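Chemist: Provide a 3D model corresponding to the input given below.
(chains A, B and C)
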Amino acid sequence: MAAGIPQAVPPILAVEGEPPTGPWAYEYKWDGYRCCLAVSADGKARLTSRNGNDFTPAYPEVAGGAAEALDGRAAVLDGELVALGAGGRPDFGQLQRRTRRNPGARLLAEIPVTFFAFDLLRLASRDLTGAPWTERRAALEALGLDGRGAFAVPPAYTGDDADPARLVEVARGNGLEGIVAKRLDSPYLPGKRSRLWVKKPLFVTREVIVGGWQPGEGHRAGRIGSLLLGAYDEEGALRYIGHVGTGFSDAALSGLADRLEPLARGGSPFDEPVPRDRARKARWTAPEVVGEVTHRTWTRDGRLRHAAWRGLRPDRTPAEIVLGSPPLPPRER
DNA sequence: TTCCGACAGTGGGGTCGCAAT
DNA sequence: ATTGCGACCCCACTATCGGAA
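Modeler: Have a look, this model is predicted:
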């Protein structure tokens, strides 16, 4: 451990649920890497991931700019490392393109990252984790970090500004992940999942066509591991839109196996190539089963990101499942 | 008694580095 | 040179268990 740098604090984790009303603050939920930034008084800094890995070398503009931004004050900050893409929206795919070990200068220039500081856990020698959120927030804002170098202090809404329903709508309209509610009097509980923070992520519900499946492993060996999903484009071609491997109960898994078994066929039903490592393990089926999934966004390659199975849609026929039809807005869940 | 939080284990998309082919 | 694999990141889930409420 380098001398002088305060120890990283494991992040407090939010539970998922409806944002409470009352003595709560609301912030937007940012799509990036949750990180702890610890800075010593002599300007040394370390960026630590949620699982305790050292991200300092991968994002030198954050650690390197910390000393200047803090003007020689030792501090420990909780925040989200975010890559801002088109329109200033967080772009997780861009963030992933930044290497961990050997960040190249070219990539650094092309993909700037910003550290969104949203909590202050230590300032100089003072431990703030036991202080209420309002006090920590005031101390964070007093640091004047917002807009300095790679740093931002995203807004927090309290009092009259604090209308979670409206903030959810704003988040939806701006392509953000959702909102997080934090109780005004809450201390910071390092490493704990706590009801003091409540996150409300946004999801899209989408109907999909099942074009095959992949066997499971471990305690799901001999059963379905994941489903290969598709949808028709406007030209009537069945496009491959990714996999879903979670959200099934044991009963749903068995039901799906029964439903898909008579539809087995030798080759892919998709009208475009499925990635080779996926196709290798695939068991193809006729594209006759329609189901429903939730997901957050699309990847650059047109795959569902963070998809979860919701259930069969026997009321729908595959021909109805067309991409490019009016997209459903993200739905609250 | 019920409920909640923590944990383990399954699955996804993605990137990078390294070893095997 | 290509491929496969693991280690990381983000994440959504199910199933289970023990302790708190």
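Chemist: CA only for contacts and neighbour counts going forward, please
Modeler: Fine.
Chemist: what strand or helix carries residue A:239?
Modeler: strand A:238-244 (DSSP states H and E).
Chemist: helices or strands up against that strand?
Modeler: strand A:224-232, strand A:304-305 (3 or more CA pairs under 8 Å, 6 or more residues apart in numbering; DSSP states H and E).
Chemist: show me what the shortest one is packed up against.
Modeler: Strand A:304-305 makes packing contacts with strand A:238-244, strand A:297-298 when contacts are defined by 3+ CA pairs under 8 Å, 6+ apart.
Chemist: again, only using 7 Å
Modeler: When contacts are defined as 3 or more CA pairs under 7 Å, 6 or more residues apart in numbering; DSSP states H and E, strand A:304-305 packs onto strand A:297-298.
Chemist: partner strands of the strand it packs on and their direction?
Modeler: With DSSP bridges as the test, strand A:297-298 is paired with strand A:304-305 (antiparallel).
Chemist: how far is the partner strand from where the chain is centred?
Modeler: Mean-position distance between strand A:304-305 and its chain equals 11 Å (CA atoms, centre = their mean, to the nearest Å).
Chemist: with DNA strand B in mind, check whether it reaches it.
Modeler: Yes: using CA under 7 Å from any atom of the strand, strand A:304-305 reaches DNA strand B at A:304, A:305.
Chemist: and that strand, does that touch DNA strand C?
Modeler: No: judged by CA under 7 Å from any atom of the strand, strand A:304-305 and DNA strand C are separated, with a smallest distance of 8.1 Å.
Chemist: next SSE downstream of that strand?
Modeler: Criterion used, DSSP H and E; the element after strand A:304-305 is strand A:308-312.
Chemist: what are the contacting residues of that following strand?
Modeler: A:244, A:245, A:246, A:247, A:248, A:290, A:291, A:292, A:293, A:294, A:295 (CA atoms under 7 Å, 6 or more residues apart in numbering).
Chemist: avg pLDDT for stretch A:271-289?
Modeler: For stretch A:271-289, the mean per-residue pLDDT is 90.
Chemist: name the element residue A:195 belongs to?
Modeler: strand A:193-201.
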